[in-house]
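Trainee: The sequence and its predicted three-dimensional model are supplied below.
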Amino acid sequence: MLKLKRAYEPAGPDDGCRVLVDRLWPRGVTKAQAHLDLWLKDVAPSTGLRQWFGHDPAKWDEFRRRYLAELAEPGPAAALAELQRLAADGPLTLVYSTREEARNHAIVLREVLQRRRGQDGR
């Protein structure tokens, strides 16, 4: 099971492994409140891409394309492989901080992981 959850939502018993997938720590959230197992900064969009996107719906398709290209680079690819391993081990919750729930990088990550999982037959 692969879930998405905002960092400001309480952790739940069915979250499994909770991984923060943002480059920046969520404002106003303590480590104790976050209940994270891991923080993978390298899987987040680059600062430049994040700032360029600015959650502008008109830029969503181009953001996805650029972010997928970034995920193929060595650092992000290694972090993505770690997420894939964690997802294979049990429930995984990708934790993000943006208010935008319909168009954010965690959605793209989940799609990539689900696609890879299907290719692996798991």
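Mentor: Thanks, I have it. Residues are numbered from 1 along each chain as shown.

Trainee: if I look at residue 40, how far off is residue 62?
Mentor: Distance, residue 40 to residue 62, using C-beta to C-beta, to the nearest Å: 24 Å. Every residue, glycine included, has its C-beta placed from N, CA and C.

Trainee: Same drill for the two, tell me which one is more crowded.
Mentor: residue 40 (21 against 13; other C-beta atoms under 10 Å).

Trainee: Check what pLDDT the nearest residue to the more buried one once chain neighbours are set aside gets.
Mentor: Distances taken as C-beta to C-beta, 6 or more residues apart in numbering place residue 79 nearest to residue 40, at 4.6 Å, with adjacent residues excluded. pLDDT, residue 79: 94.

Trainee: repeat for residue 117
Mentor: Per the predicted model, pLDDT is 80 at residue 117.

Trainee: re the thing from before, buried ones in the helix or strand hosting the residue nearest to residue 40?
Mentor: Assigned by DSSP states H and E, residue 79 belongs to helix 74-89. For helix 74-89, the neighbour count (16 or more other C-beta atoms under 10 Å) marks 76, 79-80, 83-84, 86-87 as buried.
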